[in-house]
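In: With the input below, show me the fold.
(chains A, B, C and D)
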Protein chains: 2
Amino acid sequence: MAYTERVWGNAGSPARANGAESEDGWQEFARSPRVKTQRYGAHDAIFYEGDPAERVYELIEGAVMLFKLLPDGRRQVVEVIGPDSLFGVVAGRHFDCNAETLTPSVVRVLDRRELEASPEFQAHVSRCLRRQIERLHDHALLLGRKSAFERVASFLIRFVPGRGINGCAGPQNEKDEEVIELAMTRQEIADYLGLTIETVSRVISDLKRRGLITIEKQDRIRITDVCGICHQTGTR
Amino acid sequence: MAYTERVWGNAGSPARANGAESEDGWQEFARSPRVKTQRYGAHDAIFYEGDPAERVYELIEGAVMLFKLLPDGRRQVVEVIGPDSLFGVVAGRHFDCNAETLTPSVVRVLDRRELEASPEFQAHVSRCLRRQIERLHDHALLLGRKSAFERVASFLIRFVPGRGINGCAGPQNEKDEEVIELAMTRQEIADYLGLTIETVSRVISDLKRRGLITIEKQDRIRITDVCGICHQTGTR
DNA sequence: CGCGCCCTTGACCAGACTCAATATTAGTGG
DNA sequence: CCACTAATATTGAGTCTGGTCAAGGGCGCG
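Out: Sure, this is the predicted structure:
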């Protein structure tokens, strides 16, 4: 299970280096006896769209995807959640999407009412939601305006910590390489990027042909030229 | 300016009928002397991507769009904001997108630090953000999986209060009609729906040809068959 | 009345989808 | 360890939706 450790670790986010907003209260709350920890296998459903939203979830370890379905079966993965993120926090009384694990995961399950009644923890929730919104904005840009190549390149670069983001440091070593674990099938990637499985496959093959990546396993990819991939994202 | 009144009023959201979470504290805060009200004309910039995010904005009246740009000029409108919504609430130190008015607007400008230091108002922020996330999820589904027709139909139905949503009441009168004010140019609609201006125009013309809508003015549309449009959204 | 901006329409093109065949991988049991 | 199977991924050929480029129309405003 160790292979999921760094995956979806929200490489690009400013994360919790924000000293101004203390996390102490949250940590204390999270350890209270009312909070239980749940383990899931890979590809387990956590909740469904329309279920009463009485709980709030925090991912401790692993990866979870949120997706929506159209009546004819089309699926859109709206978010992929990494560790230390909340999910299932909705405005209304029912979940607006489905949640399913990608990898075996550890999830903290919190009572929604209890959480909402605790003003001191709203800060934590708020910070999580704001990060989430920024990621959703990026994703809207990807879905609305990027080509298939740009979508896949943007997807790959997400897995490389500190690269492909605003203050990208550039290559750190001689070799600008990185091995990444997608932890998603081609179908899941396609549904996340708003493409078909065939298009995803073709783009990946093409990147391979052009020497930018090599496939070590179906979902383990060695990016042999991180900068090269980055220049395919459309963002720079 | 009255014509913007109901537009983008977030017809489909559960809104603030939630008695459990009091709005009193928020209202009080909003009236404090530190909070100023700003007026903008149509198509005025409010802030730019990358600007230091020292303020938080609440739209009182009008309509605002948030958009991102790619270096080559491609634009994606990531959100359209209606009255009683917050915007410019980010996790990091800089805005992640641009904000521009669509119509003449009244905006409440709040100091970010002050807001974050007030636990009693985090509840308000949190509620706004959660609604925002649900709308972004819907939009990801639209951008990732819907056809041009479905996108435009989904866009149009947003303007009809109580219709096209989960608990849709169906037609209330004999005539299933509604006149809506888009308050957006074709280009803005295209950038919102991830299409080109020409495609938007063609779809609208086609809906007109099929007798589902009539154009009263470029951005005033009479939907002559709301149910008919609704069945084009892909959602049912 | 005329100018400029936005919108519409048409013809053509291309990127991504569909359908179908084949290849590869992961998993199972001998 | 290998053979077999089922699931997943790749590749190819052909189609189609939506994009591009270009021309024309309509509306608002000076």
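In: list the contacts for the residue nearest the centre of chain A?
Out: Taking Cα atoms, centre = their mean, the centroid of chain A lies closest to A:Val80, which sits 3.0 Å from it. Counting by Cβ atoms under 8 Å, 6 or more residues apart in numbering or on different chains, A:Val80 touches A:8, A:63-66, A:102, A:184, A:192. Backbone N, C-alpha and C define where each C-beta goes, glycine included.
In: what's the answer for A:Pro119, then?
Out: The contact partners of A:Pro119, taken as Cβ under 8 Å, 6+ apart, are B:119-120, B:122-123.
In: which one of those residues sits closest to A:Pro71?
Out: When the contacts of A:Pro119 are compared for distance to A:Pro71 (Cβ to Cβ), B:Ala123 wins out at 35.1 Å.
In: pLDDT score for that closest one?
Out: We have a pLDDT of 80 for B:Ala123.
In: try the one 4 residues further on
Out: With respect to pLDDT, B:Arg127 has a value of 89.
In: again with A:Asp24
Out: 62.
In: What residues sit buried inside stretch A:69-77?
Out: Within stretch A:69-77, the residues that count as buried by 16 or more other Cβ atoms under 10 Å in any protein chain shown are A:69-70, A:75-77.
In: Keep these, but drop any that are not near chain B.
Out: With Cβ under 8 Å from any Cβ of the partner chain as the criterion, those include A:70, A:75-76 near chain B.
In: Show me which residues of stretch A:133-150 are buried.
Out: Neighbour count says stretch A:133-150 has A:133-146, A:148-150 buried, by 16+ other Cβ under 10 Å.
In: Sorry, wrong one. I was asking about stretch A:98-116.
Out: A:98-108, A:110, A:112, A:115-116.
In: circling back: can you tell me which of the contacts of A:Val80 lies nearest to A:Arg158?
Out: Closest to A:Arg158, out of all of the contacts of A:Val80 and judged by Cβ to Cβ, is A:Trp8, at 8.0 Å.
In: any idea of the pLDDT on the closest one?
Out: A:Trp8 is assigned 56 on the pLDDT scale.
In: what's the strand or helix carrying A:Val106 packed up against?
Out: Using DSSP states H and E, A:Val106 maps to strand A:105-111. Strand A:105-111 sits against strand A:36-40, strand A:55-61, with contacts defined as 3 or more Cβ pairs under 8 Å, 6 or more residues apart in numbering or on different chains; DSSP states H and E.
In: so A:Ile189 touches A:Arg158, yeah?
Out: No - if you go by Cβ atoms under 8 Å, A:Ile189 and A:Arg158 don't touch, sitting 11.4 Å apart.
In: Restricted to helices, list the buried residues of stretch A:133-150.
Out: Taking DSSP state H as the definition of helices, the buried residues of stretch A:133-150 contribute A:133-145, A:148-150.
In: Tell me the residues of chain A that contact DNA strand D?
Out: Applying Cβ under 7 Å from any atom of the strand, we find that chain A lies next to DNA strand D at A:185-187, A:197-198, A:200-202, A:204-205, A:215, A:218-219.
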